[in-house]
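Chemist: Structure, please.
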Amino acid sequence: MTKKIMIRDLTLRDGQQSQLATRMTQAQVDKVLHHFPDANFHAMEVWGGAVPDSVMRFLNEDPWERLAKIKKVIGNTSKLTALSRGRNLFGYNPYPEKVIEGFNRNAIEVGIDIMRIFDALNDIPNMAPTIDIVGKNGGQVDAAVCYTVDSHFTLKEKIAAFFQGKKLPQNLFDDEYFIDKAVQLDQFGPDIITLKDMAGLLDPARASTLLKKIKDKIKAPLNLHTHCTPGFGLASTVMGMISGCDIIDTCILNFAGGPAAPPFELIYFFANKMGIDTGVNLEAVGEINVKLAEIRKELGQFDKTKMLPRPFNIGKDTLPKEIEKHFDTGVEMIEKKNFNGLLEEVYKIEKYFNLPAPNVAVRLAQIPGGMYTNMVDQLEVMKLSHLFDEVLETIPSVRLKAGCPPLVTPTSQIVGSQAVNGVVNSAKEIPFYKNATSQYVNLVKGSYGKTPFPVEEEFRFELAGTRQETAFDPSSYKKPDNPVLPEYGNVTLAKDEKEMLLLELFPAVAKKYLSGKRKDAFLQEVEEQDRIEQGKIESLYQAVSGNYLGI
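Modeler: Numbers count the residues shown, from 1 in each chain. Alright, predicted model coming up:
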């Protein structure tokens, strides 16, 4: 009996976000969208993440309209999926349940079938309200556990901790940590449980054992999500297919690899050789990939890797024999459990397809690629790039001070920004944590939830003015104003609940976007009234002229 694996395609959300800074316009989405119903993917991730913010901020488009248009074309041929960061939704700060309910309910009503719910701290109480809300509103729950690894501390840090009588965390993120989180989530009765490896740090050796252990302990189908920046993504996803996963996440070739998920096409060749059926229509994928190449060229200024994959249409093209041998040898390496050998074959395959080579610096730093590039950018702006190595060295201690959070949005950016600020402070002979970022203070305080490792009480007091872990207080939440705009005909800035949610979730961006939308609508109405009045004048003129001429 042929084993089957379900494919969740990330091209239109995670793919374009990872490769092209989420700059795909609706017109570009429309270029490829009509091919997706024929592709027969189990699911398509199309919303959430940076999409709602970016389409307003950079493209002047309506995120709700984007979702509705995608749903209209896809219908029920694939399940549409989105991300929800638990209590945080899209921002740094937590939101009250009324906002969480409004966002998830509207997303499901407009077209989302599956909501992937995660929390940057793997704090399950932070996820529980969203899990309940999504289920009650008819959506499928994809409960995600964020994967991470233990920090590597320098000898200097270990010696300092010893003499200070402090304990450095060891084996904090062992197999039992992830199994326990998955089992706790499984008790909610979710439709899917995902191991979400946002930094691509899950290597194939650990994938082969950890995923099987998780699968043996849960009832829900298991999904693997990973990225390729450190060089593990493709090999680990291949291991996922034979180690208990029911669903795997991939991107179509021209939006895959590097900072994104592994390419479906390469996953398919491995699957085919191992007798695994993906159920995907290769001809449709080939057509999509050709058009994705055009779109990627159009958006070249935003391309993070500047490496367009080798042209390849999986519906028409065949592999050269010398490349096919690498797939065969890769399968042999899997059978022998030679994971280094598997990686060697994968790297040869990826090189042939002109995919980015493993980023060794990111792998050694044990951080997500986006966090790495953000820190580089911050230092370049300040003309302090020479401090970058020192910033990397401080990340484990900055992370430890904040309770060893998994490094995923937003904690990755919080820890990264504080590491940069601290090193810059030190270079100016200012105390490292002087004027700590407000987000880092809130993380240490406990506003974002319970951290995996306890925060030192004295350090919390130093930064946040309290020794007690202090959770987010929803009573302090203030809903943004929805002003009347007299200059645009006395309409309100947000005209309905969906637009009000945009204001709540993206205050500055949505205010600018909605103001422009109201202005455009008002000007169109004025122009229409002018046309009507002009028409009346012309009709009257013609009538008078006709009478005068005796017509």
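Chemist: Distance of the closest residue to Asn421 other than its chain neighbours relative to Gln413?
Modeler: Distances taken as CB to CB, 6 or more residues apart in numbering put Thr437 closest to Asn421, at 6.3 Å, once the chain neighbours are dropped. From N, CA and C alone the C-beta is placed, and that goes for glycine too. Distance from Thr437 to Gln413, counting by CB to CB, to the nearest Å: 10 Å.
Chemist: Show me what the longest helix along the chain is packed against.
Modeler: Taking DSSP state H as the criterion, the chain has its longest helix at helix 507-548. With contacts taken as 3 or more CB pairs under 8 Å, 6 or more residues apart in numbering; DSSP states H and E, helix 507-548 sits against helix 51-57, strand 491-492, helix 497-505.
Chemist: Now do the strands in this structure.
Modeler: Using DSSP state E, the strands assigned to the chain run over residues 3-4, 6-9, 43-47, 79-84, 114-117, 140-146, 192-197, 222-226, 247-250, 276-277, 484-485, 491-492.
Chemist: can you put the ones you listed in CSV and add mean pLDDT, distance to Pro311 and mean neighbour count?
Modeler: Shown next, in CSV, are the strands of the chain (pLDDT from 0 to 100; distance: least, CB to CB, whole Å; neighbours: other CB atoms under 10 Å):
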stretch, mean pLDDT, distance to Pro311, mean neighbour count
strand 3-4, 93, 30, 12
strand 6-9, 98, 20, 24
strand 43-47, 98, 23, 26
strand 79-84, 96, 29, 25
strand 114-117, 98, 32, 26
strand 140-146, 98, 34, 26
strand 192-197, 98, 29, 26
strand 222-226, 98, 25, 26
strand 247-250, 98, 19, 26
strand 276-277, 97, 26, 14
strand 484-485, 96, 50, 13
strand 491-492, 96, 49, 16
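Chemist: can you put those in JSON lines and add distance to Arg206?
Modeler: Listed next are the strands of the chain as JSON lines, based on distance: least, CB to CB, whole Å:
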{"stretch": "strand 3-4", "distance to Arg206": "22"}
{"stretch": "strand 6-9", "distance to Arg206": "21"}
{"stretch": "strand 43-47", "distance to Arg206": "24"}
{"stretch": "strand 79-84", "distance to Arg206": "24"}
{"stretch": "strand 114-117", "distance to Arg206": "22"}
{"stretch": "strand 140-146", "distance to Arg206": "14"}
{"stretch": "strand 192-197", "distance to Arg206": "10"}
{"stretch": "strand 222-226", "distance to Arg206": "11"}
{"stretch": "strand 247-250", "distance to Arg206": "16"}
{"stretch": "strand 276-277", "distance to Arg206": "21"}
{"stretch": "strand 484-485", "distance to Arg206": "55"}
{"stretch": "strand 491-492", "distance to Arg206": "53"}
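Chemist: I'd like to know which of those strands is closest to Leu33.
Modeler: When the strands of the chain are compared by CB to CB, strand 43-47 sits nearest Leu33, at 9.3 Å.
Chemist: so what strands line up beside that closest one?
Modeler: strand 6-9 (parallel), strand 79-84 (parallel) (DSSP bridges).
Chemist: Mind exporting the C-alpha coordinates of that strand to PDB?
Modeler: The C-alpha trace of strand 43-47 is given here as PDB (Å, rounded to 0.1, in the frame of the first residue of the first chain):
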ATOM      1  CA  ALA A  43      -3.900  23.200   2.000                       C
ATOM      2  CA  MET A  44      -2.500  26.600   1.000                       C
ATOM      3  CA  GLU A  45      -1.200  29.200   3.500                       C
ATOM      4  CA  VAL A  46      -2.300  32.500   2.100                       C
ATOM      5  CA  TRP A  47      -2.800  34.900   4.900                       C
END
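Chemist: The closest residue to Val420 other than its chain neighbours and Glu283, how far apart?
Modeler: Once flanking residues are discounted, Val420 sits nearest to Gln378: 4.9 Å by CB to CB, 6+ apart. Computed as CB to CB, the Gln378 to Glu283 distance reads 45 Å.
Chemist: same question, Leu211
Modeler: 31 Å.
Chemist: out of the two, which sits in the busier spot?
Modeler: Leu211 (23 against 14; other CB atoms under 10 Å).
Chemist: mind listing what the residue lying closest to the more buried one once chain neighbours are set aside touches?
Modeler: Counting by CB to CB, 6+ apart, Leu211 lies nearest to Ser243, which is 4.3 Å off, once chain neighbours are set aside. Neighbour list for Ser243: Ala207, Ser208, Thr209, Leu211, Lys212, Lys215 [criterion: CB atoms under 8 Å, 6 or more residues apart in numbering].
Chemist: go on, Asn106?
Modeler: Trp64, Glu497, Lys498, Leu501 are the contacts of Asn106 under CB under 8 Å, 6+ apart.
Chemist: ok, so of these, who is nearest His326?
Modeler: Using CB to CB, the contacts of Asn106 come closest to His326 at Trp64, 44.8 Å.
Chemist: Verify the stated contact: the closest one with Lys498.
Modeler: Yes: between Trp64 and Lys498 there is a contact at 4.9 Å, judged by CB atoms under 8 Å.
Chemist: shared neighbours, these two?
Modeler: Shared contacts of Trp64 and Lys498, defined by CB under 8 Å, 6+ apart, comprise Asn106, Val110.
Chemist: So these two - more neighbours on which side?
Modeler: Neighbour count, other CB under 10 Å: between Trp64 and Lys498, Trp64 has more, with 21 against 18.
Chemist: how about the more buried one, what does it touch?
Modeler: Here Trp64 is in contact with Asn106, Val110, Lys498, Leu502 (CB under 8 Å, 6+ apart).
Chemist: swap the cut-off to 7 Å and go again
Modeler: For Trp64, the contacting residues are Val110, Lys498, by CB atoms under 7 Å, 6 or more residues apart in numbering.
Chemist: Now do the buried residues in the helix or strand bottoming out on mean pLDDT in the chain.
Modeler: When each helix and strand of the chain is scored by mean pLDDT, DSSP states H and E, helix 155-163 comes last, with a mean of 73. Neighbour counts over helix 155-163 (16 or more other CB atoms under 10 Å) mark Glu157 as buried.
Chemist: what's that helix packed up against?
Modeler: Packed against helix 155-163 by the contact rule (3 or more CB pairs under 7 Å, 6 or more residues apart in numbering; DSSP states H and E) you find no helix or strand.
Chemist: For stretch 43-60, buried residues please.
Modeler: 43-57, 59.
Chemist: For those residues, work out which two are farthest apart.
Modeler: Maximum distance among the buried residues of stretch 43-60 (CB to CB): 26.6 Å, for Ala43 and Arg57.
Chemist: re earlier: could I have the least confident helix or strand of the chain exported to CSV, CA atoms only?
Modeler: Extracted in CSV, the C-alpha atoms of helix 155-163 (Å, rounded to 0.1, in the frame of the first residue of the first chain):
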residue,chain,number,x,y,z
LEU,A,155,33.7,29.3,28.5
LYS,A,156,33.9,32.8,29.9
GLU,A,157,30.1,32.7,30.6
LYS,A,158,30.3,29.3,32.1
ILE,A,159,33.1,30.3,34.5
ALA,A,160,31.3,33.5,35.5
ALA,A,161,28.1,31.6,36.2
PHE,A,162,30.0,29.1,38.3
PHE,A,163,31.6,31.7,40.5
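Chemist: Any chance you could list what contacts it?
Modeler: With contact meaning CB under 7 Å, 6+ apart, helix 155-163 is reached by Leu168, Ser397.
Chemist: starting at the chain centroid, how far to that helix?
Modeler: Computed by CA atoms, centre = their mean, to the nearest Å, the separation of helix 155-163 from the middle of its chain amounts to 36 Å.
Chemist: do stretch 365-375 as well
Modeler: Stretch 365-375 has its average C-alpha position 14 Å from the chain's average C-alpha position, going by CA atoms, centre = their mean.
Chemist: Right, I'll call it a day here.
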